[in-house]
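Chemist: The following block contains a protein sequence and its predicted model.
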Amino acid sequence: MSKHVIIYMPRVGESEVQWAESDDNGRLTSGVEYSTLEEVAVQVEGRRVTLVLPADDVLLAETVVPGGSVARAQQAIPYALEEQLADDVDELHFALGAKGRDDSYPVAVISLQMMDMVTGQCQAAGLRPSRIVPETLALPQLEGSSPDIRAWTALLNDDQVVVRLDGNKGFATDPGMASIMLEGARAELAEEVTASLVIFRTDSARTLSVPDSVDVELRPCDHRLALYASGLAGSPHINLLQGVYNPKKNFDKTWQPWRWSMALAACLCVALFAGQWLDVMALQKQESVLDAQISEAFEQALPGSRMQRPRRQIQSALDEMGGTNSDGFTSRLSQIAASLATQPQTELKSIGYRNGRFDLDLNTDAVPTLDALKSELARRGSLAMSVQSANRENNVVRGRVRIE
């Protein structure tokens, strides 16, 4: 039986990695080694390889695409998630997990630039991983002792904590911010549901602050790769090697026995195409008429404007027209500015506005300052603030908040 090789890349773009071998039961069969990607490729040639990427580099999300096939979902999901993403969907790679019974799809999102960098590193090193998995989904998914208990998994290692929530959800942050993130995850559960967090620690001296609403169990862990081996062997995950990154298969040995069947299929396709050609031409004429009508209506509504995304442009114009009322854009922006003025230790780095929501990137001194800003906003009006992410770098807390 060929052994499974697990490689953890702490930083994308750097060659230093950690790796070990495991069996099909999720147990390490070798010690953890530290070397370059090139050195690993020489030693593991011909074996099944899983590459684990840092949790910070991959966003986990979930969306619903009613009915249809996986191929249709792959086309629709980027635009279904567009409102939740800061970057343009054309600059991102979307990998899908197994479809749920309610037509929901778990999705892992990573920038195309980073995915190109990872696959380029592997190609240059001569490494061909069969799976590339985000660190969050390499953690084992534990089962609750009863249906009303949600079992979560956390890895506390060095100055980072990685948490796997239900299914294919999770996040990574520093230990000081974990309590806020866990409290937010707990708030999404029903009141009668109990949240239970199992914390695996590579250093027994390290501690993690957890909300009182979450039950905690501490377990030791020799190395993060031991935990990944267990998770990859028995828990659902999402392979980022999809779409254009799916490894090319060797068709040279398989297509020849089917060449006559393929030729016949090609002839049938030509015949079907000929039969549908007139219908396509008619539809194209109808499309041209509709496009002309849309352009005419857009010009009447917004004369002199360049039409790009008509629906959004019209909606933005309507929102601006309604900005003079108490709930308008100007009023809400004024509330945000006044609230930020009460927190002089907080620096606004950037602000974005979309569909009535403000996304702010902030630098502040401590987590309580974010809570104070949230309270100030609530006092001034009907705006609500939620923390999307918070990480400490040096002596500064970098946070991303959403106000709506």
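Modeler: That came through, no problem.
Chemist: which residue ranges form the helices in the chain?
Modeler: Assigned by DSSP state H, the helices in the chain fall at 37-43, 70-80, 112-125, 135-138, 175-187, 224-234, 259-301, 310-321, 329-341, 367-380.
Chemist: buried ones in the third one?
Modeler: Of the residues in helix 112-125, those scored as buried under the neighbour-count criterion (16 or more other CB atoms under 10 Å) are 114, 115, 118, 119, 121, 122, 125. C-beta coordinates here come from the backbone N, C-alpha and C atoms, glycine included.
Chemist: Just the pLDDT for the closest residue in space to the second one that isn't next to it in sequence.
Modeler: The shortest distance from residue 115 to any residue other than its chain neighbours is 4.8 Å, reached at residue 93 (CB to CB, 6 or more residues apart in numbering). Model confidence at residue 93, expressed as pLDDT, equals 95.
Chemist: My understanding was that residue 93 contacts residue 109; is that so?
Modeler: Yes - under the criterion of CB atoms under 8 Å, residue 93 makes contact with residue 109 at 7.2 Å.
Chemist: Go through the buried residues of helix 112-125 and say which is closest to residue 182.
Modeler: Residue 182 lies nearest to residue 114 out of these, by CB to CB, at 26.7 Å.
Chemist: how about the closest one, what does it touch?
Modeler: 12, 57 (CB atoms under 8 Å, 6 or more residues apart in numbering).
Chemist: give me that answer again for 10 Å
Modeler: Neighbouring residues of residue 114 by CB atoms under 10 Å, 6 or more residues apart in numbering: 12, 13, 53, 57, 58, 92, 93.
Chemist: So among the residues you listed, which ones count as buried?
Modeler: Among the contacts of residue 114, those classed as buried by 16+ other CB under 10 Å are 12, 53, 57, 58, 92, 93.
Chemist: where in the stretch 201-350 of the chain is pLDDT low?
Modeler: For the stretch 201-350 of the chain, applying pLDDT under 70 flags the ranges 248-259, 300-301, 318-328.
Chemist: still on that earlier bit, which neighbours do residue 93 and residue 109 have in common?
Modeler: 58, 78, 240.
Chemist: The last one and residue 246: what is the separation?
Modeler: Taking CB to CB, to the nearest Å as the criterion, residue 240 is separated from residue 246 by 10 Å.
Chemist: And the pLDDT for residue 135?
Modeler: So, for residue 135, pLDDT stands at 95.
Chemist: That one: neighbouring residues, count only.
Modeler: Residue 135 has 25 neighbours, counted by other CB atoms under 10 Å.
Chemist: cool, residue 194 as well?
Modeler: Other residues close to residue 194 by other CB under 10 Å number 17.
Chemist: Once you drop chain neighbours, what's closest to it?
Modeler: Of all residues not flanking residue 194 in the chain, residue 149 sits nearest, at 4.8 Å (CB to CB, 6+ apart).
Chemist: How much space separates that neighbour from residue 399?
Modeler: Distance, residue 149 to residue 399, using CB to CB: 31 Å.
Chemist: Tally up the residues packed near residue 240, please.
Modeler: The number of residues near residue 240, taken as other CB under 10 Å, comes to 25.
Chemist: Just confirm it contacts residue 112, I think it does.
Modeler: No - when contacts are counted by CB atoms under 10 Å, residue 240 is not listed as touching residue 112 (11.4 Å).
Chemist: Need the residues touching each of the two.
Modeler: residue 93.
Chemist: wait, what's in contact with residue 171?
Modeler: 55-56, 59-60, 136, 161-165, 177-178, 181-182, 184-185, 388-389.
Chemist: Report the buried members of those residues.
Modeler: Neighbour counting over the contacts of residue 171 (16+ other CB under 10 Å) leaves 55-56, 59-60, 136, 161-165, 177-178, 181-182, 185, 388-389 as the buried ones.
Chemist: what distance separates the start and the end of stretch 197-208?
Modeler: With CA to CA, to the nearest Å as the measure, the first residue of stretch 197-208 is 11 Å from its last.
Chemist: Could you list the buried residues of that stretch?
Modeler: By neighbour count on 16+ other CB under 10 Å, the buried set for stretch 197-208 is 197, 198, 199, 200, 201, 202, 208.
Chemist: now the fourth one, nearest residue through space, not along the chain?
Modeler: Which is residue 200. Closest residue to residue 200 apart from its sequence neighbours, by CB to CB, 6+ apart: residue 221 at 3.9 Å.
Chemist: Show the contacting residues for that neighbour.
Modeler: By CB under 10 Å, 6+ apart, the residues touching residue 221 are 155, 156, 157, 199, 200, 201, 202, 203, 204, 227, 230.
Chemist: For the second one, list each beta-bridge partner.
Modeler: For residue 156, the beta-bridge assignment (DSSP bridges) gives partners residue 161, residue 201.
Chemist: any idea how far residue 113 is from it?
Modeler: With distances taken as CB to CB, residue 156 is found 30 Å from residue 113.
Chemist: quick one: contacts for the most centrally placed residue in the chain?
Modeler: With distances taken as CA atoms, centre = their mean, residue 59 lies nearest the centre of the chain, 2.1 Å away. Listed by CB under 10 Å, 6+ apart, the contact set of residue 59 reads 81, 84-87, 92, 94, 107-111, 134, 136, 171, 389.
Chemist: Contact partners for residue 391?
Modeler: Contacts for residue 391 (CB under 10 Å, 6+ apart) come out as 56, 160, 172, 173, 174, 176, 177, 397, 398, 399, 400.
Chemist: Could you identify the most distant pair in those residues?
Modeler: Spatial extent of those (CB to CB) is set by the pair 160 and 400 at 17.5 Å.
Chemist: my read: the residue nearest to residue 115 touches residue 74, true?
Modeler: No - Residue 93 lies out of contact with residue 74 (CB under 10 Å); the separation is 11.2 Å.
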